[in-house]
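**Q** Sequence and predicted structure below; questions after.
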Amino acid sequence: MGHLRLRDHRVTSGTASSAEIPRAGGALAAYLRTVRVGGAVILLGLVAVLVLLLVVPEDADQGISQKIFYFHVPVALTAYAGFALGAWKALRLLWKGGERYDLESYTGVHMGTIFGVLTLVTGSLWAKASWGHWWLWSENQLVLFLVLFLFYCAYFMVRFSIEPGARRERISAVYTLFGVVLIPVSFFAIRLAEEAIHPTTFTLDGPQMEGSQFAAFLVGWALMTAVGYAMYRIELAGKRTDITLRELRERS
């Protein structure tokens, strides 16, 4: 009888494992679809941005270096959007709870950090071409964006110093919400400064550029936002697939 029970147990386990195969296949298929669609959006978006940089007219004063603007500012705005998305998902987690919002918040902060690196790099290139310096500590907007960037870099150290679970989710969410306060401070720093050599794109009087330049800027901004969102969806899908497969392995 013991042998029969063992045999029955093996058959049941095999059936349960077989039932999980479609779920694993579905998770991988969904991830691959996201990668294909998102990858196409990223590729087309980046190509379109490069074409935009080639066809947009040069600035009369700054020349070709002004073209960095059409990449730098959209990248910076996308970084702000990533941090803001992470904060919004963190708020949802504290309000409703759930691992879903923790994962979405983490991914949003990660995207913001990636675009934050691009912002600092392109900003330094623009500064060198326009001002003759890679960095100016007297520019409040530069310093405040660096503070914002470093704050969210520290987010990962705080997060991964805590064991996975509800406690880590709550602490990560609270940390993310504290950082979001720096976004408007960084954005409006140049508008509140009495003297600044960093150009102001928008004022209360409207965009400070010609019509063709403003149109090019809007197109670049839309393209970069699409690229950032596609990257967000791909990373999020990958993390969800990893969680699903890990759960299936633990059950087998």
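**A** Right, received. Where do you want to start? Everything numeric in this text was worked out from a predicted model, so none of it was measured. Numbers count the residues shown, from 1 in each chain.
**Q** which residues in the stretch 1-150 of the chain form helices?
**A** 2-55, 69-96, 99-131, 140-160 (DSSP state H, counting those that start in this stretch).
**Q** what element comes up after the last one heading to the C-terminus?
**A** By that I understand helix 140-160. Note on helix 140-160: by DSSP states H and E, the next helix or strand toward the C-terminus is helix 166-180.
**Q** Run the chain-centre distance for that next one.
**A** Centroid separation between helix 166-180 and its chain, computed with C-alpha atoms, centre = their mean, to the nearest Å, is 17 Å.
**Q** Give me the angle between that helix and helix 69-96.
**A** Between helix 166-180 and helix 69-96, the angle comes out at 140 degrees (axes from the mean of the first three to the mean of the last three C-alpha atoms, to 10 degrees).
**Q** And for Leu142, the neighbour number?
**A** 21 (other C-beta atoms under 10 Å). Backbone N, C-alpha and C define where each C-beta goes, glycine included.
**Q** Number the residues from 539 up from this point.
**A** With the count now opening at 539, the last piece we talked about shows up as Leu680.
**Q** That one contacts Ser662, correct?
**A** No. In this structure, Leu680 is not within contact of Ser662 by C-beta atoms under 8 Å, at 9.1 Å.
**Q** what residues are shared contacts of the two?
**A** Common contacts of Leu680 and Ser662 (C-beta atoms under 8 Å, 6 or more residues apart in numbering): Trp673.
**Q** re earlier: least reliable of the helices of the stretch 539-688 of the chain by average pLDDT, please.
**A** For the helices of the stretch 539-688 of the chain, the weakest mean pLDDT is recorded on helix 540-593, namely a mean of 63.
**Q** residues in contact with Thr651?
**A** Applying C-beta under 8 Å, 6+ apart to Thr651 gives the contacts Ala617, Gly620, Phe687, Tyr690, Cys691, Phe694.
**Q** how close does it get to Leu786?
**A** Per C-beta to C-beta, to the nearest Å, Thr651 is found 30 Å from Leu786.
**Q** And for Phe683?
**A** The value you get for Phe683 to Leu786, if C-beta to C-beta is used, is 42 Å.
**Q** And Ala667, by the same measure?
**A** For Ala667, the distance to Leu786 - C-beta to C-beta - is 52 Å.
**Q** still on that earlier bit, to Ala775, which of the helices of the stretch 539-688 of the chain lies closest?
**A** Evaluated over those, closeness to Ala775 peaks at helix 540-593, with 4.0 Å, by C-beta to C-beta.
**Q** ok now do the residue most central in space within the chain, which residues does it touch?
**A** Centroid-nearest residue in the chain: Met649, 1.8 Å away (criterion: C-alpha atoms, centre = their mean). By C-beta under 8 Å, 6+ apart, the contact set of Met649 is Thr616, Gly620, Leu623, Gly766, Met769, Tyr770, Glu773.
**Q** Apply 10 Å and report the result again.
**A** 616-617, 619-621, 623-624, 766-767, 769-771, 773-774 (C-beta atoms under 10 Å, 6 or more residues apart in numbering).
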